[in-house]
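Trainee: Fold the following for me, if possible:
(one chain, ligands or ions: 1)
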Amino acid sequence: MKILVPVKRVVDYNVKVRVKPDQTGVDLANVKMSMNPFCEIAVEEAIRLKEKGVAEEIIVVSIGPAQAQETIRTALAMGADRGILIQTDDAVEPLAVAKLLKAVVDEENPEIVLLGKQAIDGDNNQTGQMLAALLDWPQGTFASEIELADGKAKVTREIDGGLQTLSLTLPAVVTTDLRLNEPRYASLPNIMKAKRKPIDTKAPADYGVDTAPRLTVVKVAEPPKREAGIKVESVAELVDKLKNEAGVI
Ligand code: AMP
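Mentor: Next up, the predicted model:
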């Protein structure tokens, strides 16, 4: 079984993002970039499925600038087998990403595409769902447990007030939630080994996909600054402020 894992290069989750002064987006100059955390969880899960003998090959694919190759190398150092970089300097929206991933799926015929539930830069939470629709495959989103057996994927999902378990007939699209696993760190020997693993470089045009944006970002703004707190003298004063100033009780 082949598993395809799309991985996105995003601003590192520890970085406090700065909005550009003209409010057109986030300033990426000299900012640390890393693999999207939910994609790391997807890579880890694919590796665990390979270690269990359920999967034979893990292919990672990233759509982005030349530097997205580093993100692919990180996944290869964790244990993926080979990579595909679909190189573009343009911003690629979830629909275009999903169309490109569909083209890769048509070429590679994986039985499962394991994506992050969301990329922490755009917070779109759309790509997996759109890909499943384009492929006409079943989807299990926000997986906190995945079991593959007998041509089915049993996916446990965290939903409001409990857990839902779905049985999907493979091939299927699954997106990962935070509690699925804890990704491993790549060991030094594996980082060295990853340098020799193959990465194929392509362009969106190779797949005949039009990646022109369909959306216009009107404005990106910082959240309002938090005002400094104050100390109250008594419980009565606290209750009064909560009631009459904050209006929360
Ligand atoms: P999103 O729908 O943008 O929140 O992203 C959800 C998931 O789709 C990510 O965790 C990735 O697995 C995948 N994805 C989104 N954009 C890209 C990209 N440019 N390259 C590779 N995978 C992507």
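Trainee: ok, now which ones touch the residue of the chain found nearest the ligand?
Mentor: When CB to the nearest ligand atom is the measure, the chain has its nearest residue to the ligand at Gly116, with 2.3 Å between them. From N, CA and C alone the C-beta is placed, and that goes for glycine too. In this structure, Gly116 makes contact with Pro6, Val7, Lys8, Asn36, Pro37, Phe38, Cys39, Ile41, Ala42, Gly128, Thr175, Thr176, judged by CB atoms under 8 Å, 6 or more residues apart in numbering.
Trainee: do Ile112 as well
Mentor: Taking CB under 8 Å, 6+ apart, one finds Met1, Ile3, Leu4, Ala55, Leu148, Ala153, Leu170, Pro171, Ala172, Val173, Val174 in contact with Ile112.
Trainee: mind redoing it with 7 Å?
Mentor: Taking CB atoms under 7 Å, 6 or more residues apart in numbering as the criterion, Ile112 is in contact with Ile3, Ala153, Leu170, Pro171, Ala172, Val174.
Trainee: Bridge partners for it, pull those for me.
Mentor: Ile112 has these beta-bridge partners by DSSP bridges: Ile3, Ala172.
Trainee: surely Asn190 meets Leu76?
Mentor: No: under the criterion of CB atoms under 7 Å, Asn190 makes no contact with Leu76, lying 8.4 Å away.
Trainee: between those two, which one's more packed in?
Mentor: For Asn190 versus Leu76, the count of surrounding residues by other CB atoms under 10 Å is larger for Leu76: 25 against 15.
Trainee: in what helix or strand does that one lie?
Mentor: Element membership for Leu76 (DSSP states H and E) is helix 68-78.
Trainee: Next secondary structure after that helix?
Mentor: The helix or strand immediately downstream of helix 68-78 is strand 82-87, counting by DSSP H and E.
Trainee: average pLDDT for that next one?
Mentor: The predicted model assigns strand 82-87 a mean pLDDT of 98.
Trainee: Show me what from the protein comes close to the ligand.
Mentor: Among all residues of the chain, those adjacent to the ligand (criterion: CB under 6 Å from any ligand atom) are 6-8, 36, 38-39, 62-64, 92, 94, 97, 115-116, 118-119, 122, 124-128.
Trainee: Give me the contacts around the longest strand seen in the chain.
Mentor: Of all the elements of type strand in the chain, the one with the most residues (DSSP state E) is strand 139-149. Under the criterion CB under 7 Å, 6+ apart, residues 45, 49, 54, 117, 128-129, 132, 153-158, 166, 168, 172-177, 179-180 lie in contact with strand 139-149.
Trainee: Can you show me the helices along this protein?
Mentor: 37-51, 68-78, 94-108, 127-135, 188-194, 235-241 (DSSP state H).
Trainee: want to throw those helices into a markdown table with distance to Gly25?
Mentor: Supplementary listing: those in a markdown table, determined by distance: least, CB to CB, whole Å:
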| stretch | distance to Gly25 |
| --- | --- |
| helix 37-51 | 21 |
| helix 68-78 | 18 |
| helix 94-108 | 16 |
| helix 127-135 | 19 |
| helix 188-194 | 31 |
| helix 235-241 | 38 |
